[in-house]
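Colleague: coords below, sequence missing:
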């Protein structure tokens, strides 16, 4: 007997990309963000703003890549209450700070604790681990971001 394959619907929960510093690849990352936001049921305006924020964050991070460490790792994760996009790369210490990642945003909004956020995301976090820099963009799926 031959068993027939049965199609099973599966929802994409995470995706990892390793990008060279090329604007076309940043656009691809923006497209993935758009897919995740659309699949999460966000309104069209929120989808476009998240896509734009990821595109801009990738292009800004590309400026800080070096010949020794020429790749940007981008990880997308969808949780029940949020979408997280993590950008990770190696660089010289303190060359890339939170003001750098937020300054390119056309619109800044104040959030709890008077930290700044990119238009299109609800939270921007930056961590350093030695020479590794991780910037995490979070878009909450609820109307109001939880208090920190």
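Modeller: Everything's here; your move. Keep in mind that what you see is a predicted model, and the values were worked out from it rather than measured.
Colleague: How about the contacts made by residue 71?
Modeller: Residues near residue 71 by C-beta atoms under 8 Å, 6 or more residues apart in numbering: 18, 19, 20, 65, 89. For glycine as for every other residue, the C-beta is placed from the backbone atoms N, C-alpha and C.
Colleague: can you check residue 75 too?
Modeller: 14, 15, 16, 17, 84, 85, 86, 88.
Colleague: Now, of those residues, which are buried?
Modeller: Neighbour-count burial (16 or more other C-beta atoms under 10 Å) applied to the contacts of residue 75 gives 15, 17, 84, 85, 86, 88.
Colleague: The last one falls within a helix, correct?
Modeller: Put plainly, it is residue 88. No - under the criterion used here (DSSP: H, G, I helix; E, B strand; the rest coil), residue 88 is strand, not part of a helix.
Colleague: Surely it touches residue 129?
Modeller: No - in this structure residue 88 lies outside contact range of residue 129 using C-beta atoms under 8 Å: 9.2 Å.
Colleague: thinking again about what came up before, of all the contacts of residue 75, which comes closest to residue 49?
Modeller: Distance to residue 49 across the contacts of residue 75 (C-beta to C-beta) is lowest for residue 85, with 12.8 Å.
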